[in-house]
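# Turn this into a model:
(one chain, ligands or ions: 1)
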Amino acid sequence: MQPFETIYVDENVVACNGGVGALGHPRVYLNLSTEGKVECPYCSRLFVRGPAPQSQQQPQAPQTPPS
Ligand SMILES: [Zn+2]
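Below is the predicted model of the structure:
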């Protein structure tokens, strides 16, 4: 089962409309819990307060010396 999308936010209240397409739903406002997270009851996306983890870091390409 695919994990639902996690969205990182910077506020205590988020608005979610499910995005575009089949997952769309009427816009709702969700209050983040004291733990700083809330799951949308419509589309099950998880909102988390804080910066997104740097999991997609690109390794630095080695510099090719000019020849
Ligand atoms: Zn939603």
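# what's around Asp10, how many residues?
8 (other C-beta atoms under 10 Å). To be clear about C-beta, it is placed using only N, CA and C from the backbone, and glycine gets the same treatment.
# quick one: it and Arg49 touch, right?
Yes: contact criterion C-beta atoms under 8 Å: Asp10 and Arg49 qualify, at 7.0 Å.
# how many other residues sit next to Glu5?
By other C-beta under 10 Å, 13 other residues sit near Glu5.
# I'd like to know how far it sits from the ion.
Glu5 is 10 Å from the ion, where distance means C-beta to the ion, to the nearest Å.
# Which residues are in contact with the closest residue to that residue other than its chain neighbours?
Counting by C-beta to C-beta, 6 or more residues apart in numbering, Glu5 lies nearest to Arg45, which is 4.8 Å off, once chain neighbours are set aside. Counting by C-beta atoms under 8 Å, 6 or more residues apart in numbering, Arg45 touches 4-7, 16, 18-19, 39.
# before we move on, what about Pro66?
Pro66 neighbours (C-beta under 8 Å, 6+ apart): none.
# which parts of this protein sit against the ion?
Residues of the chain lying close to the ion by C-beta under 5 Å from the ion are 16, 18, 40, 42-43.
# just checking, which of those belong to helices?
Applying DSSP state H to the residues of the chain next to the ion, no entry is found in helices.
# surely Cys43 meets Val28?
No: between Cys43 and Val28 there is no contact under C-beta under 8 Å: 9.7 Å.
# joint contacts of the two?
By the contact definition C-beta under 8 Å, 6+ apart, Cys43 and Val28 are jointly contacted by Cys16.
# between the two, which one's more packed in?
Applying other C-beta under 10 Å to Cys43 and Val28 shows that Cys43 carries more neighbours, namely 17 against 14.
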